[in-house]
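One predicted model, sequence on top.
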Amino acid sequence: MNDYPPSGVLFQNDRKKNEKSPDYTGQLELSDEVVNDLVEQMSRGVTKPKVSLIGWKKVSQKTGKPFLSLLGNAYEERPNGAAQQQPQKLDDNIPF
């Protein structure tokens with residue numbers, strides 16, 4: 001049994017046959033939580049459910065080739081498509 005979270009990789013495609021061939025290839029494992037979130041999105045009528053992805057640039061220790069290490073998370077919708085704002089810092093130097 002593996003002790004790592006479901007994850008994925010994208011390697012540069014060095015077997016491109018033409019311009020339409022993908023630049024990167026790989027796979028992505030999804031946790032039960034992410035799969036359940038996709039099902040829930042579809043049950044709400046979302047025709048193209050989303051997964052949030054995060055990635056890290058890494059280099060293979062075996063081949064020395066760069067790749068992207070990926071992690072898929074449940075998609076968090078933001079109200080009205082607004083970007084999440086950082087909380088404002090309070091100025092502790094205000095004399096009262």
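Okay, I see it. Residues are numbered from 1 along each chain as shown.

What sits closest to Ser69 if chain neighbours are left out?
Spatial nearest neighbour of Ser69, chain neighbours left out: Trp56 (4.7 Å); criterion: C-beta to C-beta, 6 or more residues apart in numbering. (Glycine included, C-beta is placed from N, CA and C.)

pretty sure the one you found belongs to a strand, no?
Yes: counting by DSSP: H, G, I helix; E, B strand; the rest coil, Trp56 is located in a strand.

ok, it - how many residues close by?
Residue neighbour count, defined by other C-beta atoms under 10 Å, stands at 10 for Trp56.

how close does it sit to Pro5?
From Trp56 over to Pro5 the distance is 13 Å, taken as C-beta to C-beta, to the nearest Å.

what do you get for Glu33?
10 Å.

do the same with Asn80
Asn80 is 31 Å from Pro5, by C-beta to C-beta.

Of the two, which one has the most company?
Counted by other C-beta under 10 Å, Asn80 and Pro5 do not tie: Pro5 has more neighbours, with 10 against 5.

Poorly predicted segments of this structure, please.
1-2, 81-96 (pLDDT under 70).

does the closest residue to Glu29 other than its chain neighbours count as helix, strand or coil?
Nearest residue to Glu29 in three dimensions, chain neighbours excluded: Pro6, at 3.7 Å (C-beta to C-beta, 6+ apart). Recorded secondary structure, Pro6: coil (three-state DSSP).

Quick check, Pro6 in contact with Glu33.
No: counting by C-beta atoms under 8 Å, Pro6 does not reach Glu33; the two are 9.3 Å apart.
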